[in-house]
Every structure is written in C-alpha cells, then in structure tokens.
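> Test case, fold it:
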Amino acid sequence: LDTMPGGLTNKNFKMTLADGTMVAIRVAGRGTANYIDRPAEKHNATQMASIGVAPEIYYYDPKTGSQLCEYIDGPTMHPEDFQTRDEVLADAAHVMRKCHDSGMGFKSIFDPIAKINAYRDIMDEHKYEKRYDGWDRIVQNLEKIEASYAQNPPKKTPCHNDTLAENFMYSGNTMRVIDWEYGGMNDPYYDIACIIVENPLDEKCEETLFRAYCGGEPSDEERARLLINKFLVTSHWSTWSLVQICYGKDA
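Sure thing, here's the model as predicted:
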C-alpha cells in the first residue's frame, strides 16, 4: 500500500492486488460529508466513467465518501503543465467539452452562490469569524450576479467544478479527470474559469484554452460568462478555504 501525494481534504493510497491490478483508495476527510453530497458524487462519477472521462468506481461508501476506483497509470498534471504546454490546454478543453456536451443528468446542482451561503452558515454555526479583506465587496457583487442570473439564467450542464491541474491525468494521448466530489449541474464556463484561475494562466494560455473549448473565436457573451465565472470561482474557493480552517486545517 503506497501513499499518494496530493488531496486537500482526503488521504489517497495505491494498492496493488495479487494479480497485478492497481487500485486507487480514497479515505474521505473528516467532516466532508457535511458539505459534499456523497451519493450524488457516486452517481455523477459513474456517469463520467461510462464515457471515458473519469476512472471506473469499484466500491463506494455513500456515508463517508471513501472509495476504491481504477488507478490511472499516467502523469498527474501540475500548474506548470497548463502554463507551458499547449497540448495540455487543448486536451483539457476537449475533455471538459465532452463532459459538458454529454447530455447526462447529474443528481446534484452546483450553485456557487448557494455554496458560499452554505459555507457562511457553517462558519456561523461554529462561531468562526475570520474573513478575507474585501469580503463586503465580494458579497455585493455576488448579489448583483444572483439578480442577473434570475433574469437570464445560464444553461446548466454536467460539470466537475474543481478543475485543479492535479485533477487531470494525461498520458499524452488521453486526458482523464478524477475527483468528482464537487460535480453537479452548473454553468459550464465555471469549469473553464476554474482552470484559468487555479493554475493560474496568463492571457496567452487563457486564450489558447478558451478558443480550444469554444472551437474558435469566443463570442462576447461567452467571454462575459467566463469573466463572471472567474469571479465566482475565486469567491467560492476562498470561502471554502475558510471552512477548512474552521474544521482545523492549517491556514
């Protein structure tokens, strides 16, 4: 049993069976079931496995989120891969397009604004008062976006919603996406925004990724939706990080 690096909330191991089959083991982090819909994750990840986007699940504990799944024997991507390799940007865009265009129905909804409000409730329950500078402006802009979405709601598709570089496995021929804990129906531009924000990409890399995703020159509306989702990604994950600290993680 070998410990695998990475994972902000869980512990991961690689196990080799007697017949040589390699299995990835995830031991879910304490408290994660409070804010991650585990049964929905199993359903969503299984759907993505059926079209070759995600690894196959062998066993899943819906109460905790611990699982045994297919071990992907290929390099884990890192921010520098997205920052320096056009083929990584293009194939990441294409695999996300395959997910978004699959027509599948995920069992959960991923609403970044609702997520942020849920995290605020958790912090209030724990009487945890730390906030980042600019918090009031974040809340004001979230209210503006929420009002705009009420008038012009974005199309919802299956989304991963946590497209860190380390959640992409790339052999050079096939791109696979792991860790569907935050999967749910959402605005697909959120996934692309997350790649841009989390890696982070410069303007040239961002344009390469977005043009590959759009299949050419993005429209003004596509660029506007990407901009909104870059703000939502930043707001969501910064608030998520406060919840992790609230639960005892290092700052």
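> Please name the nearest non-neighbouring residue to Phe168.
Met77 (4.2 Å; Cβ to Cβ, 6 or more residues apart in numbering). Just so you know, the C-beta spots here come from the backbone N, C-alpha and C atoms, and that holds for glycine as well.
> any idea how far the one you found lies from Tyr58?
24 Å (Cβ to Cβ, to the nearest Å).
> And those two? Which one has more around it.
Met77 (21 against 13; other Cβ atoms under 10 Å).
> Now do that one against Gln140, distance only.
35 Å.
> Ok, Lys204 next?
Separation of Lys204 from Gln140 (Cβ to Cβ): 32 Å.
> Tell me which stretches of this protein form helices.
Remark: helices assigned in the chain by DSSP state H are 38-50, 79-84, 86-100, 112-125, 135-151, 189-198, 203-214, 220-246.
> which residues are in contact with the fourth one?
Under the contact criterion Cβ atoms under 8 Å, 6 or more residues apart in numbering, helix 112-125 has outside partners 34-35, 129, 142, 145-146, 186, 190, 232-233, 235-236, 239-240, 242-243, 246.
> Which of these are buried? Put it as a ChimeraX command.
To isolate the buried ones among these in ChimeraX, judged by 16 or more other Cβ atoms under 10 Å, type:
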select :35,142,145,186,190,232,233,235,236,239,240,242,243,246
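> Point out where the stretch 151-251 of the chain drops to low pLDDT.
Along the stretch 151-251 of the chain, no part satisfies pLDDT under 70.
> go again using 90 as the cut-off
Filtered on pLDDT under 90, the stretch 151-251 of the chain yields the residue ranges 171-173, 181, 248-251.
> And the residue nearest the centre of the chain?
Centroid-nearest residue in the chain: Asp162, 1.1 Å away (criterion: Cα atoms, centre = their mean).
> how about the nearest residue to it, chain neighbours excluded?
Tyr182 (4.4 Å).
> Distance-wise, check that neighbour relative to Leu242.
Using Cβ to Cβ, we find Tyr182 at a distance of 16 Å from Leu242.
> now swap in Thr163 and tell me
Counting by Cβ to Cβ, the gap from Thr163 to Leu242 is 21 Å.
> Next: Leu226.
Separation of Leu226 from Leu242 (Cβ to Cβ): 25 Å.
> Over to Arg26?
24 Å.
> One more: Asp81?
As judged by Cβ to Cβ, Asp81 and Leu242 stand 29 Å apart.
> And Pro200, by the same measure?
20 Å.
> for the helices of the chain, which one sits closest to Cys69?
Cys69 lies closest, by Cβ to Cβ, to one member of the helices of the chain: helix 38-50, at 7.9 Å.
> what number of residues lie near the closest residue to Asp37 other than its chain neighbours?
Distances taken as Cβ to Cβ, 6+ apart place Ser108 nearest to Asp37, at 4.9 Å, with adjacent residues excluded. Using other Cβ under 10 Å, Ser108 has 19 neighbouring residues.
> Just want to check the distance between Ser108 and Tyr71.
25 Å.
> What residue, apart from its backbone neighbours, is nearest Met48 spatially?
Ala54 (3.6 Å).
> Please name the residues that touch the one you found.
Per Cβ under 8 Å, 6+ apart, neighbours of Ala54: Ala45, Met48, Arg176, Val177, Ile178, Trp180.
> What count of nearby residues applies to Ser241?
15.
> circling back to that earlier point, what pLDDT does the model give the residue nearest to Met48?
pLDDT, Ala54: 97.
> just Asn34 next, same as before
74.
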